[in-house]
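J.: requesting a structural model of the entry that follows:
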Amino acid sequence: MPKNDVLERPVKQDEKIKENEKRKEDIPFHFGDFKIDVERNPFFISFPNGSKKEYFTEKSLFEIAQDISPSLKKRCIVGKVNGNVVDMNTVISSDSEVVFITDADPEALEVLRHSTAHLLAETVKKLYPHAKFGVGPTIEDGFYYDIDLGEDIVSEHDLKNIEKEMKKIASRNAKIERGVLTKEEALDFFKKDEYKVELISELPENEEISIYKQDLFTDLCRGPHVPGTKWVKHFKLLSVAGAYWRGNSDNIQLTRIYGTVFFKKEELDEYLHLLEERKKRDHRKLGKQLDLFMLSEYGPGFPFWLPNGMTLRRELENFWYDVHLREGYKLIQTPIMLNKELWEISGHWGNYRENMYTSSIDDKEFAVKPMNCPGGMLVYKRDIHSYKDFPLKVGELGLVHRHEASGALNGLFRVRNFTQDDAHIFMTEEQIVDEIKDLVKLYDYMYSVFNLEYHIELSTRPEDKYIGEISTWDRSEKALADALDSMGKEYVLNPGDGAFYGPKLDFKLKDSMKRIWQCGTIQLDMNLPERFDLTYIDKNGDKKRPVMLHRALYGSIERFIGILIEHYAGAFPLWLAPVQIKVIPVNLQFHEEFAKKLNENLLDHGVRSEMDIRDEKLGYKIREAQTRKVPYQLVIGDKEVESNNVTYRKYGSQEQVTVSIEDFINMVTKEIKNLGK
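T.: Now for the predicted structure:
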């Protein structure tokens, strides 16, 4: 089939509809003396506000939008037909529910970003005609495209030239049109691009394959897209990286170009400003500046904690312990290394083996734990349990090790050993909903302490790697959904992303830089209790199988600290700050003794205070305290010594306040006790 014929013909499905309608016109229905022409049978379009429009001939979404308002048509990006997002040139010929999505709707931004990825690919193809293309999805805050450039190398220096050419191409306002091919036709059309051929080959034989054409460029894509390239105006190419084809290190490494785009220039400018602020807050940079942690080539992915970092970490751990003891948790600690047989029982050996570190001990194979769960199972099995013990809450700050690819390591965000703030809750099936509700309330409290917002995602059974019966999974997923529904908690469904042993609720945190982080999780498990033969005695004296919840709040203490460093830009609230007070005498000869007694008084009240008695200028000491982001500075001079008062300045403020020593100590100890609230 000639290339031009494939691209220029309309969608095959539309051809079939028109052919069928023509055939129906030739065979009219007869009811008595009435002749009803099928083409004139009415159909209705329903809108979100409850209104309806009646039509007698097929209409595109563009035409329907025009009937409502010409201005609406101009603002429409895509539409929803019976819940499915489709292009605006989609034709409707039967009763349908229609929602128009304009540039003001959040859903439109993802469509714009995907269309910009196609514009990037079109531009690269023009500048590098031999280029071949992998995939170009949207991601959080933007998009990327993976490209095989052969011998050519694209650096960040080249991005401006690509951007410039993208703007030229976009200004032509080429229509973005959808076409449909059979699998055979698609394989022939993309036969010179082995990446597209690989993707197409994996599709079912009878599946219709959609392509999108804009000007001289055509790409394999499910869509939908913006109507034309005029919408792609306010974009920025951000960076270049290497990426293995399909994430497999055995495959060729492609060039990945990242970018972002918005409907308004002001939104793009705001985002680029935010990116600059994120760079300043990089936890690796601040971790070094504030002496929190270090990394070494002798242990890639294994962080070293420095004194200030240990103080911060200890405060987070103490807070965790205090909350969990108050909530009725029993605390345990399980071994780091356990026999291979245990991991076979748990299912980790068959489902997670590639991420585990192993060793031989006494001619037997052992594995360093990647998760705390199996150790918790052994602790449970030690005793006979009654239904009266439930819910039984067992918590552990457990050090785990996972073999992550070296290219994935990233400061504290992706490491090879970390501490999970784990807990396992054993219960009856009837207690699930109430326990989930209590846990969500606990998460609300914990995250509010750090001023972190969150949303919840419900992740369901994976397609391939999972253990247990599907009926068990169905009951588990329903129990999680019922608990959230009963609380009125909104959640996003995330199909196929559950753990291999059960569905889960993921708590996605949003920090001060508007980034989303995966931290907390609640995983409902009816499978491990079966595999480990866990039982309890019910009220009738019979043995029953308990239900178990896996849950973590921080997720990983290391990663959570990395998030907090950037969330607070290193300026931690008083209760968390490694050094809470810096006492700075103006003149060591006249003020050191007073400063020393004041510092000791603060230490006696449990305040982490330090005195700076170095032989340096006063301005230097004050600036360094600011650089170290110490919450309170106390400068001690003649006035303070004579009046027995202190003058303090809070980090980030120029205001200096003089109060009595007693009032100052009461103020800071209260602030620490109340966690800054």
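
J.: surely K236 meets L272?
T.: Yes: judged on Cβ atoms under 8 Å, K236 makes contact with L272 at a distance of 6.3 Å. Any C-beta I mention is one placed from the backbone N, CA and C, and that applies to glycine too.

J.: more neighbours: these two, which one.
T.: Ranked by neighbour count (other Cβ atoms under 10 Å), K236 and L272 place K236 first, with 18 against 14.

J.: what about the more buried one, which helix or strand?
T.: strand 234-244 (DSSP states H and E).

J.: next SSE after that strand?
T.: Next in line after strand 234-244, if elements are assigned by DSSP H and E, sits strand 253-262.

J.: what comes up buried for that next one?
T.: L254, T255, R256, I257, Y258, G259, T260, V261, F262 (16 or more other Cβ atoms under 10 Å).

J.: returning to what we had before: partners of the strand holding K236, with directions?
T.: strand 253-262 (antiparallel) (DSSP bridges).

J.: what about the helices in the stretch 501-650 of the chain?
T.: 528-531, 557-567, 588-604, 618-627, 638-643 (DSSP state H, counting those that start in this stretch).

J.: export those helices to a markdown table and tack on mean neighbour count?
T.: Compiled in a markdown table, the helices of the stretch 501-650 of the chain are given as follows (neighbours: other Cβ atoms under 10 Å):
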| stretch | mean neighbour count |
| --- | --- |
| helix 528-531 | 18 |
| helix 557-567 | 23 |
| helix 588-604 | 16 |
| helix 618-627 | 14 |
| helix 638-643 | 14 |
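
J.: K280 is nearest to which of those?
T.: Distance to K280, taken as Cβ to Cβ, is lowest for helix 557-567 among these, at 9.4 Å.

J.: may I have that closest one as PDB, with CA atoms only?
T.: Extracted in PDB, the C-alpha atoms of helix 557-567 (Å, rounded to 0.1, in the frame of the first residue of the first chain):
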ATOM      1  CA  ILE A 557      13.700   7.000  57.000                       C
ATOM      2  CA  GLU A 558      16.600   7.800  54.600                       C
ATOM      3  CA  ARG A 559      14.300   8.900  51.800                       C
ATOM      4  CA  PHE A 560      12.000  10.800  54.100                       C
ATOM      5  CA  ILE A 561      15.000  12.800  55.400                       C
ATOM      6  CA  GLY A 562      16.000  13.600  51.900                       C
ATOM      7  CA  ILE A 563      12.400  14.800  51.200                       C
ATOM      8  CA  LEU A 564      12.400  16.900  54.400                       C
ATOM      9  CA  ILE A 565      15.800  18.500  53.600                       C
ATOM     10  CA  GLU A 566      14.300  19.800  50.300                       C
ATOM     11  CA  HIS A 567      10.900  20.500  51.700                       C
END
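
J.: V99 is in contact with G79, correct?
T.: Yes: counting by Cβ under 8 Å, G79 does reach V99; the two are 6.5 Å apart.

J.: these two: which has the busier surroundings?
T.: Taking neighbours as other Cβ under 10 Å, G79 and V99 compare with G79 leading, 25 against 16.

J.: so that one: helix, strand or coil?
T.: Following DSSP: H, G, I helix; E, B strand; the rest coil, G79 is assigned to strand.

J.: please name the bridge partners of it.
T.: On the basis of DSSP bridges, G79 is bridged to V86, F100.

J.: now do the same contact list for it.
T.: L61, A65, V85, V86, D87, M88, T90, V98, V99, F100, I101 (Cβ atoms under 8 Å, 6 or more residues apart in numbering).

J.: closest one of those residues to L528?
T.: Distances from L528 to the contacts of G79, taken by Cβ to Cβ, are shortest for V85, at 38.5 Å.

J.: how near is that closest one to K73?
T.: 18 Å (Cβ to Cβ, to the nearest Å).

J.: just to check, L274 is in contact with M513?
T.: Yes: taking Cβ under 8 Å as the definition, L274 is a contact partner of M513 at 6.2 Å.

J.: in contact with S476, which residues?
T.: G502, P503, L524, D525, M526.

J.: where does it sit: helix, strand or coil?
T.: Assignment for S476 (three-state DSSP): helix.

J.: re the thing from before, report the two of the contacts of G79 separated the most.
T.: Applying Cβ to Cβ across the contacts of G79, the maximum distance is between A65 and V85, 15.0 Å.

J.: those two: who's more crowded?
T.: A65 (22 against 18).

J.: nearest residue to that one other than its sequence neighbours?
T.: K73 (4.1 Å; Cβ to Cβ, 6 or more residues apart in numbering).

J.: so where's the stretch 1-150 of the chain shaky on pLDDT?
T.: 1-40 (pLDDT under 70).

J.: would you double-check that L399 falls in a helix?
T.: No: counting by three-state DSSP, L399 is not part of a helix but strand.

J.: for the chain, what's the longest helix?
T.: Taking DSSP state H as the criterion, the chain has its longest helix at helix 106-127.

J.: which helices and strands sit right next to the helix or strand that that helix is followed by?
T.: Following helix 106-127 in sequence order, the next helix or strand is strand 132-133 (DSSP H and E). For strand 132-133, the elements it packs on are strand 142-148, helix 194-201, judged by 3 or more Cβ pairs under 8 Å, 6 or more residues apart in numbering; DSSP states H and E.

J.: relative to L574, which of those is closest?
T.: strand 142-148 (36.3 Å).

J.: pairing partners for the closest one, with directions?
T.: Strand 142-148 is paired, per DSSP bridges, with strand 132-133 (antiparallel), strand 138-139 (antiparallel), strand 253-262 (antiparallel).

J.: which residues are contacting that strand?
T.: Taking Cβ under 8 Å, 6+ apart as the rule, strand 142-148 contacts 113-114, 116-117, 120-121, 124, 131-137, 154, 195, 238, 243, 245, 252, 254-261.

J.: please list only the buried members of the residues you listed.
T.: Judged by 16+ other Cβ under 10 Å, buried ones among those: 113-114, 116-117, 120-121, 124, 131-136, 154, 195, 238, 243, 245, 254-261.

J.: if we can go back for a sec, counting by contacts, list what the longest helix of the chain packs against.
T.: On a contact count with 3+ Cβ pairs under 8 Å, 6+ apart, helix 106-127 meets strand 76-81, strand 96-102, strand 138-139, strand 142-148, helix 159-170, strand 209-214, strand 217-220, strand 253-262.
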